[in-house]
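**Student:** Kindly return the folded structure for what I paste below:
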Amino acid sequence: MCGIAGYIQSSGRVSKTEIVSNMLAKLTHRGPDDQGLWRHKNVSLGYTRLSILDTTENGNQPFITNDGKGVLCYNGEVYNFQEIRKKLIKEGVQFKSRCDTEVVLYALHIWGPKKAVSMFNGMFAFAYHNLKTDTLWLGRDSAGIKPLYLSTQNGNTIFASEIKALFEHPSIECRPDMHTVGNYLKNSKLARSTPFEKVTEMQPGTLLQIQAGEVSEYTFFDVEQNIDVERILDKQHSSAESLMSELEHIVRASVNSHMISDVPIAAMCSGGVDSSLMAAFASQHKQDLVGYVADVEGVEISEKERAEQISNHLNIELRTVPVKRRDFLRLWPYAAYHNDEPIYFKQNMLHLAVAERVQKDGFKILLCGEGADELFGGYHWQASVYDMWKIRRKRSKLFPDNRLTRFLMRFLPSHPPLDLDQLQKEPFRYLSPDPPYGEIPPQHIIFIEEAKKQLLRKSFMNKLEPLKNIEDRAYLARTFEDFIIHLGISLKCNDRMNMAKSIESRVPFLDTRLIDFAMHLPAHAKYRDGITKFLLKKLAARYLPPELMYRKKVGFGFSSDHWIGTIDFLNDGWVEQQLKWSKKDMPYISEKIMKDSNLLFKLVTTEIWAKIYFGNEKIENLSEKMQSFA
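**Tutor:** Numbering: from 1, shown residues only. Predicted structure coming up:
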């Protein structure tokens, strides 16, 4: 696990390792154990290492092939590297280390990146330079577990694991992209956009080939393209037992592979279905497994109680991390800095609090349950989509679809028109008055992010057209959209908060085999009889108390009490200036903001982010200011 950075100049000018060294200085938290640089003509690469596998010097990067023609800087873990290693040994490769990095390098070098990435099961972001063809390849895993950011400036293609490192390159100015910031404030944001001008996030499941100044992109995984509707149709007739048996086999195999390590491993143990099932299988592999849970002050339903019941059932040690209002406020600026963007999820501060404790206790790896809700249907808004479309379909059989009924139904917000063909163009409309769960207003189509979102929804609905019931199509379309957008944001938050404390996040539910399996499950395997994550809960109930597995979802808890009263932080600030609030209007504006705790959070977190990145304020000072509101 590492942080990587580098750049290539198409003009033929000689690159400078000093620039990459400065970039790496912003990534030391991602890899405090070692640092390495490599340069050849117009290419410079660098990495910071968090030693996980083969912690000796043999595992240090950049890795160079025996013939000196291939170089790799790599961040991640490819869990099936032993299988790939055996194939490469048959090809005549002689390995010097026991780590997966060297395996990844030779797979890329011998088989080529396009073939190699299709064999990788894990999480990765890499920069591979082939000196034989003078080509730089950048790659990112299918789900986007490991981050990689890009900027093209003055003939340079610059990349890094985190955005902040890019600004150490002299070609890149740190300037806000107000279009993206505006979309964030109105709660409409795609996972791949960034709030900085000319900085983009590399798409998951893609390769970039940079050769002779030309950049080519190849997609090796895309949810929309990889869905095989025929497989979904085939599984519609499979019994729950047969599907559960297949699921258990894959989950066990995934958890086992994620336990490979030469350093201590811990696990999140929130008491929910995902982390509990993961902990149950992990504890069978590692009997001294330690679990962690945040004990958040002021929440209605605490995760601590459930986590204690699960840990007692599994006979594993549980360590609670208290998070009070002052802790939340103290960590807020640190979370904003490490997140690189205005914080989308309030839980970032809770993640960071847990990561602090995990690091203090001497662990380097934390197993996390991200991905299960998106893949197996764990969110209430997904269930609402199914219920809504089922009602629509049944009503359409009872009432005639004509001009009169369509006209009358338009006056009933909860009863949309019966023209199902028209409604499919806006599949989640009338679901909720609030985004991101409801359909966006028509005027928002002028924002490119919203246009892309609507086109994505329509594309999924069209792709799933062979499915008989329209509620199945709408439901699966919602889960696929969440895999791309909601999970994309969640994974970035998880990675950044844990890596801020040099902790590697591992996410067993995003094993490539599980992604493929879950993508092709029928809707009734995910949501049935009002039960979300139906198949996963059925499996979990085999090994864990059923009454806990079928309880209402809690999530990583928080309370708005943690940030209520922070509105004064906005006074004379960047947000006030950018939104052009006048002093005479401030009392009225403040009154309205204080009625919406979510809006207050978004404005304050944007102000913190802006003060760090554009005001050059010290994080320590901002932390003290925030604690003054406690």
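**Student:** So for this protein, the centremost residue is which one?
**Tutor:** residue 491 (1.8 Å; CA atoms, centre = their mean).
**Student:** how about the strands in the stretch 451-600 of the chain?
**Tutor:** 504-506, 527-528, 531-532 (DSSP state E, counting those that start in this stretch).
**Student:** what's the closest of the ones you listed to residue 405?
**Tutor:** Among the strands of the stretch 451-600 of the chain, strand 527-528 comes nearest to residue 405, with 28.7 Å by CB to CB. For the C-beta atoms, the positions are set from N, CA and C on the backbone; glycine is no exception.
**Student:** Would you check that residue 171 makes contact with residue 198?
**Tutor:** No - between residue 171 and residue 198 there is no contact under CB atoms under 8 Å: 9.6 Å.
**Student:** Overlap in contacts, these two.
**Tutor:** Listed as contacting both residue 171 and residue 198 by CB atoms under 8 Å, 6 or more residues apart in numbering are 151, 153.
**Student:** picking that back up, tell me how far the residue nearest to the centre of the chain lies from residue 398.
**Tutor:** Going from residue 491 to residue 398 by CB to CB, to the nearest Å gives 43 Å.
**Student:** By mean pLDDT, which helix or strand of the protein comes out lowest?
**Tutor:** Lowest on mean pLDDT, DSSP states H and E among the helices and strands of the chain sits helix 420-423, with a mean of 69.
**Student:** ok, how many other residues are close to the nearest residue to residue 569 once chain neighbours are set aside?
**Tutor:** Nearest non-adjacent residue to residue 569, counting by CB to CB, 6 or more residues apart in numbering: residue 604, 5.5 Å away. Look at residue 604: counted by other CB atoms under 10 Å, it has 25 neighbours.
**Student:** same deal with residue 630?
**Tutor:** 14.
**Student:** List the contacts of it.
**Tutor:** The neighbours of residue 630, taking CB under 8 Å, 6+ apart as the test, are 325-326, 329.
**Student:** which parts of stretch 66-86 are buried?
**Tutor:** 70-81, 84-85 (16 or more other CB atoms under 10 Å).
**Student:** Equivalent analysis for stretch 212-220, please.
**Tutor:** Neighbour count says stretch 212-220 has residue 220 buried, by 16+ other CB under 10 Å.
**Student:** Give me the contact list for it.
**Tutor:** 10-11, 114, 117-118, 134, 142, 152, 155, 157, 203, 205-209, 225.
**Student:** got any ranges where this structure has weak pLDDT?
**Tutor:** For the chain, applying pLDDT under 70 flags the ranges 1, 11-12, 187-191, 406, 409-410, 412-419, 422-423, 425, 429-451, 553-558.
**Student:** give me every residue that touches residue 471.
**Tutor:** 385-390, 392-393, 523.
**Student:** at 6 Å instead, please
**Tutor:** Contacts for residue 471 (CB atoms under 6 Å, 6 or more residues apart in numbering) come out as 386, 389-390.
**Student:** Out of those residues, which sit inside helices?
**Tutor:** Counting by DSSP state H, the contacts of residue 471 place 386, 389-390 in helices.
**Student:** just those residues now: which is nearest residue 19?
**Tutor:** Looking across the ones in helices among the contacts of residue 471 and measuring by CB to CB, the closest to residue 19 is residue 386, at 51.8 Å.
**Student:** circling back: next step: the contacts of stretch 212-220 restricted to strands.
**Tutor:** 152, 157, 206-209 (DSSP state E).
**Student:** quick one: which helix or strand includes residue 51?
**Tutor:** Under DSSP states H and E, no helix or strand contains residue 51.
**Student:** Give me the domain ranges for this protein.
**Tutor:** 2-221, 225-376+486-549, 386-484, 563-627 (automatic domain parsing).
**Student:** Tabulate the strands of the stretch 451-600 of the chain (CSV), appending distance to residue 61.
**Tutor:** Shown next, in CSV, are the strands of the stretch 451-600 of the chain (distance: least, CB to CB, whole Å):
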stretch, distance to residue 61
strand 504-506, 15
strand 527-528, 44
strand 531-532, 42
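**Student:** Save those as CSV, and put in mean neighbour count too.
**Tutor:** CSV is the format used below for the strands of the stretch 451-600 of the chain (neighbours: other CB atoms under 10 Å):
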stretch, mean neighbour count
strand 504-506, 26
strand 527-528, 20
strand 531-532, 18
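**Student:** Give me the neighbour count for residue 529.
**Tutor:** 6.
**Student:** check contacts around it.
**Tutor:** By CB under 6 Å, 6+ apart, the contact set of residue 529 is empty.
**Student:** can you check residue 330 too?
**Tutor:** 623, 627.
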